[in-house]
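Here is my input; please provide its structure:
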Amino acid sequence: MANDMRHGTRLAVWLAAAIALMPAAAGAQGLNDPTRPPAGMLGSDSAALGTSSAPVLQSVIISPAGKAAIINGEMVRLGGTIGGARLVSVLESEVVLKEGGEEQVLKLYPGVEKSAAGEADSRRAAERAREAAKKAGGQVSAPGGSRR
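Below you'll find the model as predicted:
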């Protein structure tokens, strides 16, 4: 009788644990991986849709072991090929593919240009000075002491 009670208690504890974990397992299935590329950028998804799209640079890998890029979800090492094009250059924010005599530059952040922070700040400060001078009716000295 005592053996049956222990068996029943163990079974009840096991069932309670299983029931308690079920919502957690179900909830975990709905979680998204924040590092996963958008569905449209995955090479297999575009192939499944039967569409061919231009190559998209997703990541750049530069390490002592070598250079590589993730293009359309596929890792391509420097000198390797993707879609008939050879990866000939890997920089921190862009890569160059060469097919035949044509080169194609893929940027990691298309539409974003890198500039020195001081240079942009200097241009904004000069523009503000010109606007202030126009309002005051005066002239602004350009760098080097000449007047505009």
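
helix/strand/coil for S53?
coil (DSSP: H, G, I helix; E, B strand; the rest coil).

count of neighbours near it?
Using other C-beta atoms under 10 Å, the number of residues around S53 comes to 12. Backbone N, C-alpha and C define where each C-beta goes, glycine included.

try N72
For N72, using other C-beta under 10 Å, the count is 21.

And for T35?
6.

likewise L11?
10.

Is it correct that it falls within a helix?
Yes - counting by three-state DSSP, L11 is found in a helix.

what pLDDT, on average, does the helix or strand hosting A126 get?
A126 belongs to helix 117-136 when assigned by DSSP states H and E. The average pLDDT for helix 117-136 rounds to 78.

how about V60, what does it touch?
K67, A68, A69, I70, V90, L91, E92, S93, E94, V95, L108 (C-beta atoms under 8 Å, 6 or more residues apart in numbering).

R130 versus R124, what's the distance?
Between R124 and R130 the computed distance is 11 Å (C-beta to C-beta, to the nearest Å).

what about the strands in the protein?
All strands of the chain, identified by DSSP state E, fall at 57-63, 66-71, 74-77, 81-82, 85-90, 94-99, 102-107.

which other helices and strands contact the third one?
Using 3 or more C-beta pairs under 8 Å, 6 or more residues apart in numbering; DSSP states H and E as the contact test, the elements touching strand 74-77 are strand 66-71.

The strand it packs on pairs with which strands, parallel or anti?
Strand pairing for strand 66-71, using DSSP bridges, gives strand 57-63 (antiparallel), strand 74-77 (antiparallel).

hmm, who's touching that strand?
55-61, 75-78, 80, 82, 87, 90, 95, 97, 106.

6 Å - rerun?
55, 57-61, 75-78, 82, 90, 95 (C-beta atoms under 6 Å, 6 or more residues apart in numbering).

quick check: angle from that strand to strand 102-107?
80 degrees (axes from the mean of the first three to the mean of the last three C-alpha atoms, to 10 degrees).

between strand 66-71 and strand 94-99, how many degrees?
Going by the same axes, to 10 degrees, strand 66-71 makes 80 degrees with strand 94-99.

Can you check the pLDDT for V140?
pLDDT, read off for V140, is 50.

What residues sit buried inside stretch 74-89?
V76, L78, I82, A85, L87 (16 or more other C-beta atoms under 10 Å).
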